[in-house]
Every structure is written in C-alpha cells, then in structure tokens.
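Participant: attaching a predicted model along with its sequence, questions to come.
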Protein chains: 2
Amino acid sequence: MTVTTPLGFRAAGVAAGLKASGAHDVAVVVNDGPGATVAGVFTANRVKAAPVLWSQQVVHGGVVRAVVLNSGGANACTGPAGFQDTHATAEHVAAVLTAAEPGREIGAGEVAVCSTGLIGERLPMPALLAGVDRAVRELSGSGGASAAQAIMTTDTRPKTTVVSGAGWTVGGMAKGAGMLAPAMATMLCVLTTDAVAAPEVLDAALREACRVTFDRIDSDGCMSTNDTVLLLASGASGVTPGEAELTAAVTAAAHDLAQQLIADAEGATKQIAIEVTGAAGEDDAVEVGRAVARNNLVKTALFGNDPNWGRILAAVGTTAAAFEPDAVDVAVNGIWVCRSGAAAEDRSKVDLTGRDVTISVDLHAGSAAATVWTNDLSHAYVHENSAYST
Amino acid sequence: MTVTTPLGFRAAGVAAGLKASGAHDVAVVVNDGPGATVAGVFTANRVKAAPVLWSQQVVHGGVVRAVVLNSGGANACTGPAGFQDTHATAEHVAAVLTAAEPGREIGAGEVAVCSTGLIGERLPMPALLAGVDRAVRELSGSGGASAAQAIMTTDTRPKTTVVSGAGWTVGGMAKGAGMLAPAMATMLCVLTTDAVAAPEVLDAALREACRVTFDRIDSDGCMSTNDTVLLLASGASGVTPGEAELTAAVTAAAHDLAQQLIADAEGATKQIAIEVTGAAGEDDAVEVGRAVARNNLVKTALFGNDPNWGRILAAVGTTAAAFEPDAVDVAVNGIWVCRSGAAAEDRSKVDLTGRDVTISVDLHAGSAAATVWTNDLSHAYVHENSAYST
C-alpha cells in the first residue's frame, strides 16, 4: 500500500501511453489532510529538469496537496517550452482535483511534479493530461501499489516501504535503477506520513534521512537531472511525534528504499557495502567510500568474484582523506586481505559467491565511520545503457 | 626503434618468466651519454608503488644512466619488503652494467625502476634479476622495439614514437591499457633525446608536455599506483635546442603516445575527443571534459552508437565550471544536437558508425578551450577487468 498506508492519502497509477511498452506511466498522489505540509530534497546537478525547478518552488511554499509523477520522459533539457509543460501539468492536476471535489480548492502552486525517462525530449502532453484525468478518477486509499508501478523505468520491480510509529506511520515509494549517485540518490521518491509536523520539522527530518541513506548509495557515479525526494504530511493521525522519533522513522523508510534501489540497480549482480572505519572525520569516511564505490576496476573485479584489494587501495589513494598508505587495512567479506597497506590473509579465503559483499577499509586515522553502498559493473549494465536510450 | 632512435641510447627487452604467457617482461634502457640528465613525472595517487617512491628519489638527484622496467607485477602495496626488492633491482642493474663496461661506474642511485602488473604481490626476484642479466647482455642501439614489447600488459600492441628536431631527436615508448586517468596518464613511458639539456629544462618541457597530453586522457577514471613518465637526455647530438623547441618536440612525442594509449584502451571500440570551448578558463574546460570522459552513461551510449546528448549535458551539470545550463551547446560529430540546453538538430543525422567520435561542448562562458580524450565503455572492458586480475 506504500504511500497510501498512512492516513489521509490516496493514489493511483495508470497507463497513459508515454511508454512504448504500454506499462503504467502516470501516477497521482493526493494528500487529503487535514494538514498539507511538505519537505523536499532535489538533485545537486546544475542541469535540472523542468519538474525539479517547478517542484523546488512549490516545496518552498510549504504546502503540497498533490504530486503528479510520470515515467516515459524526464522533461529535462527541454528549455522554456518544457517548463511550460510542467506548469501546464500542475495546472491541469489542480483543476481536475478541484472539479472532482467541489468545495475544495487546489492551486497549481500546491502540486509538485516529478518526471523520469529520456532526457532532451518533450513530453506528449495530450496523452499525459488524459492520463492525469484517468488517474484522478481512480484515486483510492489502496492505490499506492499502482502508483509505485507507474514510476518505474528500468526498475525490474516497484520499491515501497512502510515504517510504523506510535500511532502514526511513514509510507513510501521510489524508482531508480541507473544514474544512482551521490549528492542525491538520483531517483524519484515520495514519502508520506500521517504525523502532524511543521514544514521545518519535516525538512530537518528529510535532510538528515537523505544524508545517511540516498546520499550514500552510488550505483554508477552518474548524477541525474531529475532527483526528487518529497515528504508529505497529512496530520491525519492527530499525533505529533518528537523530532528525533520522526527523523528515525523517515530515515528507516529512506534506508529501506535506498537498499531496494541498489539491489535493483541496472545489471547489478552484487550488492556491495563499503564500510569505512578509523577515519579522522565522517566526511573523510564518506569520501573514501565513494571513491571505492565509483571505481570501475573495483566494480568489474567484484563482478568477476575477484577480491582485488590492490584496486581498492588504489581507489583509496585518490582521495584527500587523512591516512597513511602503509597503515590501511582492507577486508573483503571479513577476510583481512590487506594489513598495513600490504598483503595479509590469503585472498583465496574470500568467499564471493553470494550476492552481498562487504568491503571494510580501516584508515587508522581516527574514530569516524561511514558506509557507502554500491553494486558491481557487469555486462548487463553495459548492455542496458548502450542498447537503450534512457 | 623508439627509445633507441636518439643517439646515445641502447635498450633490450627479454622474457624473464614474470608473465605466465612467456612474453617479454623485462626491459633495460641505458643512456651512454655523454650527458645523463633526467626529468620525471609520477602518479598523483597517494598509494604509490615501491618503484615510484624509488624513482622519484633517483630523478630528484638529476642523473639517470639506466632504467629497468618490468611487466608482470606492479610491486605496489608490497610494504617495506617490496621497496627492498626495488632497491635490490637497481643495485643489480648498476652492478651488472658496471661489470660489463670496465672503467664506467654506475651507481644504484642512477638507475630508475618502473613496474606494472598486478598490485599487492611481491615480484619473483630471482627471475627478475636473471632477466636483467640477459637484457644487459642483449643491449643494442636497435633494442628499442623489444623493450617496448617487454612493458606491455593488456596492451594489444607496443606504443612507440619518434619526433625529429633540427639535428636532434626525441624517441619514446609507453604502455598502458587500463587505469588511464587524470593527474597522470596511468602508464609507464620512457622518452629519450640526444639533445643537450639541463635537468630543469627537461623538467619544464616534460611537465608542460604531460599537462596537455597524458593528463588529458582518461580511459576509465581510475588512477594507477605506478604511473611514471621519464625523459632522459644523452646530449649525444651536441645540439642544445631552445626551450620552446624542446617542449614542442617532447609534447608532440607525448601526444602521439597518449593517442596510442587511448586507441588501445581496454575494450575500446571508440576513440573519443571531448572538445570544450567557450570556457571561462582552461581549468573549467578540462573539468568539463573530464566529467564527460568519466561518465559511464555517456561511455556506454557511445558504445551503442547513441548520440545521447542529454547524458552529456547531465555530466556537464555535475561540474563547478562557469556556465548557464540554458546556454550550453553540444555537438556530436559536428551535428549540433543541443543548442541553448535543449534539443536542436535531429539526432538521427549523427553518424557514429566510425571509430573516431568528437563531442563538442560550447559553454558560452568565455574563450578558453581544452580537449580531453577518452574511449567508450564496452562489454570487452567489463570482460577484461572481471575475468583477469591486473
């Protein structure tokens, strides 16, 4: 049920014909309140898609009553005309929702827009708007599952989550199988909660949650133009959780979705956790984790079940983190194949036959730690990204 | 003839048994003078192989009379014992050369060492030293070709070059097929010249040459532990070229070798030049070029003959270079598929059937320019780097 599990939300997903496959491609999520607070985190890419530019403004207003999402087209690099398309979509959603429920007035400035798909092409607006009409007619308190399906691109399965608080709930859905990279997880994600929370409380909770989850997955080092994570609160539970409690629940939901994203990354055969310890600071630990996560030679070695710790150490060496090269220890799946920067335990002891891989890097430079998650680089990644435009 | 084309140099390459294949794996290059000046540029990776640490010291001394190079083992991440192996190799080369030519004294501190191959394993020293003995016996003024063969790893062909000055010559050889990345071209390269030149003149010429050639090729974004570029001058021509003249010749030689490296990069099916113009400064142009060169989604798209300019623009957007997203133009093989950040000419006009690809990015933010060279990301890259340890 996902985004519709918390009280006060309805959703629907429909096939509007944006995808050649005929699969679901337009989703609408509506917050029926009583509250309509919102927070958002967006891509750090300077080339931002039209829906990102639009939704940043909408979220800045602090009130979002509906989100419209489409796959089948990113509406990025589409110029002023593309921005007009996003604006028109929000206007249309607002008008249709207002017409469907007389007495309830929704403005375009309360409608966030998310798009994903091929960059550089205009959206087929008549099909999209017709899809919005159908989605609004099909809105229901059990529509979260179809909405999660409608935002998939190369995802092989929908990603949803539910985390329960004391009398309140966080639900969520996400998509994203390639272009998963730092400084935002390069994906679309809508989180909902029936907790009562002011926009600034939601914002703090969402930023902290993203910082340690979506910002620490790095599938292929490529940062998208469309990344959007929204957190909508309806307040329908009547419960106002403490800020720490809310942050913990939102973080748990984001962590669950982030792990699903990495597990379903394009062509992945391994799900890799890079645990960096002994760092002088958390930033150092994250920098080292990312450098390893982005190293194509490490990623191809793991695809080939090769515990090639030399490539790991070479990746660590490209960072500005505090460490001495002859002090670093590296383990692969618990076998410390490198101690003090040189060979230690026999690499043949490393078992890489499973899907989960843990790389441990101890910098011996302090007591800070961080984990970055990634996946391997496989033939299937090359195939998916060379054979199809995305 | 390569490194032995300039007067005053002898070389040899032999099979010492370091490579399981039985191919050539040990090379010796000797500078017979009368001069023995040297300059060197080394990897920026903080995890430096033992031969890099050694050769940095040797080059600092300003005199190099011999270089010993081996493939079949990088001697990186091998700790103090690995450094002792490098030291012992230099001592051995010095002793054997001194014994072979009574009256000529060569010290270990005048012998540079270069290694390439698997990281983290000790070298088989008895085989290596026996190989040195044989190589020294086979030294000749026509040995450059066999030396170039002996430094190959996953290279499919040796890389050599010759550039002629007015009465003097620059020769060179290089290896490097993966781990080609910025801040040094991640390879071994020996350049020789019979020009007369002081160490500081050589150093200036070599740094400028590397800056615009080896530092601007980026095969897979992975920085090696062993990168070394050496420039040896014998002075045997008796000609002292002007500094600009020398720099131009060394740059031409380095450019030729750098292009050969990119052309023979692991699994490459495309040779890609990323020409960035309209930049506010040269650093901006290089940063943008590198961001595109390192983007796996751009690289896989080109492998698939897809002129996916949206991925190019998304890569540009990750940089801190000065530009406005809605002002950027992008061409692929001369077709301006993107103008002002949006679709322009029909992408179907782009012909990507050939091996050479030119991506042009006009930032419209100034008048500086730079070109970065890379290659595509193919199934063969994944295969080479997952099926074999390197």
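Facilitator: Done, it's in.

Participant: contacts and neighbour counts: CA atoms only from here.
Facilitator: OK.

Participant: could you tell me how far stretch A:207-226 lies from the centre of the chain?
Facilitator: Offset of stretch A:207-226 from its chain centre (Cα atoms, centre = their mean, to the nearest Å): 7 Å.

Participant: how about the CA coordinates for it, as CSV?
Facilitator: Output of stretch A:207-226 as CSV, limited to C-alpha atoms (Å, rounded to 0.1, in the frame of the first residue of the first chain):
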residue,chain,number,x,y,z
ARG,A,207,17.6,16.1,5.1
GLU,A,208,19.1,14.0,7.8
ALA,A,209,17.4,10.9,6.4
CYS,A,210,18.7,11.6,2.9
ARG,A,211,22.2,12.4,4.1
VAL,A,212,22.8,8.9,5.5
THR,A,213,20.7,6.9,3.0
PHE,A,214,20.1,8.1,-0.5
ASP,A,215,23.2,10.3,-0.4
ARG,A,216,25.3,7.2,0.4
ILE,A,217,24.3,5.0,-2.4
ASP,A,218,26.3,5.3,-5.6
SER,A,219,25.4,2.9,-8.4
ASP,A,220,27.4,4.3,-11.3
GLY,A,221,28.7,7.7,-10.2
CYS,A,222,26.3,9.5,-12.6
MET,A,223,24.2,12.3,-11.2
SER,A,224,20.7,12.7,-12.6
THR,A,225,18.9,15.8,-13.7
ASN,A,226,15.6,14.8,-12.0
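
Participant: so which bits of the stretch 251-390 of chain A are right by chain B?
Facilitator: Proximity of the stretch 251-390 of chain A to chain B (Cα under 8 Å from any Cα of the partner chain) is limited to residues A:295-297, A:300-306, A:308-311, A:313-319, A:325-326, A:340-343, A:377-379, A:382-383, A:385-387, A:389.

Participant: now with 6 Å?
Facilitator: Within the stretch 251-390 of chain A, the residues that sit near chain B (Cα under 6 Å from any Cα of the partner chain) are A:300-301, A:303-304, A:310, A:317-318, A:325, A:341-343, A:379, A:382, A:385-387.

Participant: buried subset of those, written for PyMOL?
Facilitator: Command for PyMOL, covering only those of those found buried under the criterion 16 or more other Cα atoms under 10 Å in any protein chain shown:
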select buried, chain A and resi 300+301+303+304+310+317+318+325+341+342+343+379+382+385+386
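
Participant: least confident of the residues of the stretch 251-390 of chain A next to chain B?
Facilitator: Lowest pLDDT of those: A:Ala387, 70.

Participant: what sits closest to that one if chain neighbours are left out?
Facilitator: Excluding the flanking residues, the one nearest A:Ala387 by Cα to Cα, 6 or more residues apart in numbering or on different chains is B:Gly304, at 5.7 Å.

Participant: repeat that for A:Asp346.
Facilitator: A:Val337 (6.2 Å).

Participant: what residues are up against that neighbour?
Facilitator: A:331, A:343-345, A:347 (Cα atoms under 6 Å, 6 or more residues apart in numbering or on different chains).

Participant: pretty sure it belongs to a strand, no?
Facilitator: Yes: applying DSSP: H, G, I helix; E, B strand; the rest coil, one finds A:Val337 inside a strand.

Participant: got the domain ranges for chain A?
Facilitator: Following automatic domain parsing, chain A resolves into domains at A:2-263, A:271-387.

Participant: endpoints of the first one, how far apart?
Facilitator: Start-to-end span of domain A:2-263 (Cα to Cα, to the nearest Å) is 19 Å.

Participant: what is the helix or strand hosting A:Glu287 packed up against?
Facilitator: Assigned by DSSP states H and E, A:Glu287 falls within helix A:282-293. Contact analysis of helix A:282-293 by 3 or more Cα pairs under 6 Å, 6 or more residues apart in numbering or on different chains; DSSP states H and E lists strand A:271-279, helix A:309-316, strand A:368-375 as its packing neighbours.

Participant: look up how far A:Val67 lies from the closest residue to A:Ala49 other than its chain neighbours.
Facilitator: Sequence neighbours aside, A:Ala76 is the residue nearest to A:Ala49 in space, at 3.9 Å (criterion: Cα to Cα, 6+ apart). According to Cα to Cα, A:Ala76 stands 18 Å off from A:Val67.

Participant: so between these two, which is more surrounded?
Facilitator: Higher neighbour count among A:Ala76 and A:Val67: A:Ala76, with 31 against 22, using other Cα atoms under 10 Å in any protein chain shown.

Participant: list the contacts of that one.
Facilitator: A:Ala76 is in contact with A:49-50, A:119-120, counting by Cα under 6 Å, 6+ apart.

Participant: picking up where we left off before, now the helices and strands packed on helix A:282-293 as JSON lines including distance to A:Arg207?
Facilitator: Formatted as JSON lines, the helices and strands packed on helix A:282-293 follow (distance: least, Cα to Cα, whole Å):
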{"stretch": "strand A:271-279", "distance to A:Arg207": "22"}
{"stretch": "helix A:309-316", "distance to A:Arg207": "27"}
{"stretch": "strand A:368-375", "distance to A:Arg207": "17"}
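
Participant: and these: which comes nearest B:Gly235?
Facilitator: With Cα to Cα as the measure, helix A:309-316 is the member of those nearest B:Gly235 (37.3 Å).

Participant: output the closest one as CSV, restricted to C-alpha atoms.
Facilitator: What follows is helix A:309-316 as a C-alpha-only set of coordinates in CSV (Å, rounded to 0.1, in the frame of the first residue of the first chain):
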residue,chain,number,x,y,z
TRP,A,309,42.2,-5.4,-2.8
GLY,A,310,45.0,-3.6,-4.7
ARG,A,311,42.4,-1.9,-6.8
ILE,A,312,40.6,-0.9,-3.6
LEU,A,313,43.7,0.6,-2.1
ALA,A,314,44.5,2.4,-5.4
ALA,A,315,41.0,3.9,-5.2
VAL,A,316,41.5,5.0,-1.6
